[in-house]
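Chemist: Sequence and predicted structure below; questions after.
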Amino acid sequence: MEALGIDIKLLFAQIINFVLFAFIFKKFMYKPFQKYLKDQVKNEEEKDRLLHELQEKELSLEAKEREMVEDAQTRALKIIKEAESTALKKKQEILDKTQHEIVEIRQKAHEDINKEREKLYDEVKGRVIETSQVLTEKVLSEFIDEKRQKDMLSHLLKQLKKTKVYEN
């Protein structure tokens, strides 16, 4: 092999150097680099997994948020309807109460008017009786004696008292 210019010792040394280099490269360079690449891939996969989880959580939270907003709107509408219903009931109660008070006031006014009317008629009746009595006394005093006059007068007064001046 010497004729070819190959030195066996040198070739053997080169092979040993190559094996040592390959061993050292594999031990200290290739395995750590492979580990580094695996770690990077693992980290990327973990990042992707976490990103996917976060996106799912975000979607879930958005759905929950929409659900909560819808629930809040539903409750708000329910509260508004209840408030409107309560307001209508209160309004109706106030109207009923006012109507009842109006009826009571009218009845009382009619009663007061009737009492005043009766009082006025009684007063007028009393004055008519007094006037009739005075008039009768004056007219009869000229024609009839006193005893007869008193009898007639008492009879007339009894008749006047029995007579109803006002009837509803």
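Modeler: Yep, that arrived.
Chemist: Quick test: name the residue nearest the centre of the protein.
Modeler: For the chain, the residue nearest the mean C-alpha position is residue 83 (2.7 Å; Cα atoms, centre = their mean).
Chemist: what helix or strand is that one on?
Modeler: With elements taken from DSSP states H and E, the one containing residue 83 is helix 31-143.
Chemist: how distant is stretch 10-18 from the center of its chain?
Modeler: Centroid displacement of stretch 10-18 relative to its chain, using Cα atoms, centre = their mean, to the nearest Å, is 95 Å.
Chemist: Going forward, count from 99.
Modeler: Noted, 99 is the first residue going forward, which turns the last one into stretch 108-116.
Chemist: what about that stretch, average pLDDT?
Modeler: Confidence over stretch 108-116 (mean pLDDT, whole number) is 92.
Chemist: May I have it exported as CSV, CA atoms only?
Modeler: Backbone C-alpha positions of stretch 108-116 (Å, rounded to 0.1, in the frame of the first residue of the first chain) are rendered in CSV as follows:
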residue,chain,number,x,y,z
LEU,A,108,-1.1,6.9,9.4
LEU,A,109,-4.3,5.2,8.2
PHE,A,110,-4.7,3.4,11.4
ALA,A,111,-4.1,6.6,13.4
GLN,A,112,-6.6,8.4,11.1
ILE,A,113,-9.2,5.6,11.8
ILE,A,114,-8.5,5.9,15.5
ASN,A,115,-8.8,9.7,15.3
PHE,A,116,-12.0,9.4,13.3
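Chemist: buried sites along it?
Modeler: For stretch 108-116, the neighbour count (16 or more other Cβ atoms under 10 Å) marks no residue as buried. The C-beta positions use only the backbone N, C-alpha and C, and glycine is treated the same way.
Chemist: ok, back up a step: rounded mean pLDDT for the helix holding residue 181, please.
Modeler: Helix 129-241 shows a mean pLDDT of 92.
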